[in-house]
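K.L.:
give me the fold of what follows.
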Amino acid sequence: MTSEHGPRRGTFITIEGPEGAGKTTQAERLRDLLATAGRDVVLTREPGGTPLGEAIREILLDPVRGRDHDPRADALLFNAARAQLVSAVVRPALERGATVISTRFADSTLAYQGFGAGLPVDELRAAERAATGGLRPDRTILLDLPAETGLARKRGDELTRFETAFGLAFHRRVRDGFLALAKAEPDRFIVIDASRSADDIAADIAALVAAATRPGEPDAPVARIPG
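P.N.:
Numbering: from 1, shown residues only. Next comes the predicted model:
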C-alpha cells in the first residue's frame, strides 16, 4: 500500500472500538502471536506511543483537567499526538517491513469527536490527512459491543474523562459511528463481537491471521485477511 510519502513494505493494523471493548488486551495478544511466528512487530497506542504523545494523553484523558475541553480542541490534540506517532514510530517501522499494531488510530477521532460530539466528519478527515500524510491502516479490527456493556466493565483507576464526563447517549453515538465507518469500508474493517470472553475474541483474531497467511509464505501480510 502507498501513501503520500510513497510505498511501504510493512502492514499497519489498528484495533478500534468503544470503551471497555478489550482493545489493549487483544492488541497485546495479537502482538505476541505474530512475534511467536517470527514477525517483526511494533505495538503502540493512541493517544501516546511517543514522549509527546504520552504527555498529550495525560491532558486528554485526565478526568479533572480535561473536563471542559471543546471537542475541536480534543480533535486537534489527538491529531497532534497522531502526527508525532506516525513520524517517529509507525512510518519508520512500516518502511523497514514491520507489522505495526495500534490500539486506536484516526477512526477513533471520527467516532468520538465526529459521531459522538457532532463535529463535521469532513473537517476531521482533513485534519487526519494533515496529521498522517495520508497514511491509513491496511486492516482495522473493530471490537464491537453495546455501550452499556463496555462502560460497565470500566472501574476505578481505569476511568478516563471519556467515561466520567460523557453520558450513555454519547457512547451510543460513538458505537454507531464505528459501525457506520465499518459499513462504509468493508474491505478494511473486520467487526468482531466483543461481548464474549477475551479468549473467544483472541481465537477469532488468531483464525483471521492464520487465514491471511498462505502456505509456504509465513510473512504474508495480515492485510490479506478476508473481510
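K.L.:
quick one: the strands in the protein, in order.
P.N.:
Secondary structure of the chain (DSSP state E): strands at 2-3, 6-7, 11-16, 41-45, 99-103, 139-144, 189-193.
K.L.:
strand partners of the last one, parallel vs antiparallel please.
P.N.:
Strand 189-193 has its sheet partners listed here by DSSP bridges as strand 139-144 (parallel).
K.L.:
list the contacts for Ala93?
P.N.:
Residues near Ala93 by Cβ atoms under 8 Å, 6 or more residues apart in numbering: 10, 40, 42, 100. The way it works is simple: take the backbone N, C-alpha and C, and place the C-beta from them, glycine included.
K.L.:
Ala182 and Val41, how far apart?
P.N.:
24 Å (Cβ to Cβ, to the nearest Å).
K.L.:
returning to what we had before: show the buried residues in the contacts of Ala93.
P.N.:
Buried by 16 or more other Cβ atoms under 10 Å: 10, 42, 100, out of these.
K.L.:
from those residues, which one has the minimum pLDDT?
P.N.:
Among these, Gly10 has the lowest pLDDT, at 92.
K.L.:
just checking, that one touches Leu94?
P.N.:
Yes: using Cβ atoms under 8 Å, Gly10 and Leu94 qualify as a contacting pair, with a distance of 3.7 Å.
K.L.:
what touches both of these two?
P.N.:
With Cβ under 8 Å, 6+ apart as the test, Gly10 and Leu94 both reach Val100.
K.L.:
take the longest helix seen in the chain, keep the C-alpha atoms, and write them as PDB.
P.N.:
If you go by DSSP state H, the chain has its longest helix at helix 168-184. Output in PDB follows, covering the C-alpha atoms of helix 168-184 (Å, rounded to 0.1, in the frame of the first residue of the first chain):
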ATOM      1  CA  LEU A 168     -24.600   6.900  27.700                       C
ATOM      2  CA  ALA A 169     -26.200   8.700  24.700                       C
ATOM      3  CA  PHE A 170     -22.700  10.000  23.700                       C
ATOM      4  CA  HIS A 171     -21.200   6.500  23.900                       C
ATOM      5  CA  ARG A 172     -24.100   5.000  21.900                       C
ATOM      6  CA  ARG A 173     -23.400   7.500  19.100                       C
ATOM      7  CA  VAL A 174     -19.700   6.600  19.200                       C
ATOM      8  CA  ARG A 175     -20.600   2.900  18.800                       C
ATOM      9  CA  ASP A 176     -23.000   3.700  15.900                       C
ATOM     10  CA  GLY A 177     -20.200   5.800  14.400                       C
ATOM     11  CA  PHE A 178     -17.700   3.000  14.400                       C
ATOM     12  CA  LEU A 179     -20.300   0.700  12.800                       C
ATOM     13  CA  ALA A 180     -21.000   3.300  10.200                       C
ATOM     14  CA  LEU A 181     -17.300   3.600   9.400                       C
ATOM     15  CA  ALA A 182     -17.000  -0.200   9.100                       C
ATOM     16  CA  LYS A 183     -20.000  -0.400   6.800                       C
ATOM     17  CA  ALA A 184     -18.500   2.300   4.600                       C
END
